[in-house]
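>>> turn this into a model:
(chains A and B)
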Amino acid sequence: EDKVVQSPLSLVVHEGDTVTLNCSYEVTNFRSLLWYKQEKKAPTFLFMLTSSGIEKKSGRLSSILDKKELFSILNITATQTGDSAVYLCAVLETSGSRLTFGEGTQLTVNP
Amino acid sequence: DSGVTQTPKHLITATGQRVTLRCSPRSGDLSVYWYQQSLDQGLQFLIQYYNGEERAKGNILERFSAQQFPDLHSELNLSSLELGDSALYFCASSVDPSSSIQYFGAGTRLSVL
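Reported below is the predicted structural model:
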């Protein structure tokens, strides 16, 4: 059975800190790994990673995938209170059907 | 705003009842996915439709069913509801099954009392 594990499950930091969120996976037919941000309701798409070693960046957020070691990290630099959310990692199988999600990391950024 | 519309936002009902959740995908998207998010289970894939046809099934109970209509909107029917069915139900859509990015709606919060 496909499995996605995120760590830590919860993180509390101060504004301006840099955080690293981890995601490891065991998937039979890997296609891509996606990161989502969930604040109140809908998960919002952040990144999609398909190839190893290529960093994706968007402002203060960046992510990279290691397909050999089966993990990904999401970095957030100079955190702001608006970054407070649950960050979800999900893996898509080659059929393009289901996303298998991790439990998420609850990030709280205090002023 | 992802462009995926779900109604209603909240639903409160009693055990044993039946409800219907509705989803309109983003304009141009042919594939629709349903997920359930509960406190103890996280986000779980239920079922996928593509252009009106069922394409993949996940952990969907037999009491639950779904369909996608010719105008591409989708409905998730939940019957003989139990307390444990209380959860957030999300719909997501993508251009087609080969597109990795699924965009999520705001969800329907179902409370079974």
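
>>> against chain A, how distant is B:Gly52?
16 Å (CB to the nearest CB, to the nearest Å). From N, CA and C alone the C-beta is placed, and that goes for glycine too.

>>> quick one: pLDDT of the residue lying closest to that residue once chain neighbours are set aside?
Leaving aside its sequence neighbours, B:Gly52 sits nearest to B:Gln68 (CB to CB, 6 or more residues apart in numbering or on different chains; 5.1 Å). pLDDT for B:Gln68: 97.

>>> ok, B:Gln68 touching B:Ser93?
No. Counting by CB atoms under 8 Å, B:Ser93 is not a contact partner of B:Gln68; they are 10.3 Å apart.

>>> shared neighbours, the two?
B:Val32 (CB atoms under 8 Å, 6 or more residues apart in numbering or on different chains).

>>> comparing these two, which residue is more hemmed in?
B:Ser93 (28 against 23; other CB atoms under 10 Å in any protein chain shown).

>>> helix, strand or coil for the more buried one?
strand (DSSP: H, G, I helix; E, B strand; the rest coil).

>>> got the contact list for the closest residue to it other than its chain neighbours?
In space, B:Ser93 comes closest to B:Pro25 once its chain neighbours are excluded; the distance is 3.4 Å by CB to CB, 6+ apart. For B:Pro25, the contact set (CB under 8 Å, 6+ apart) comprises B:Gly3, B:Val4, B:Ser31, B:Val32, B:Leu72, B:His73, B:Ser74, B:Cys91, B:Ser93.
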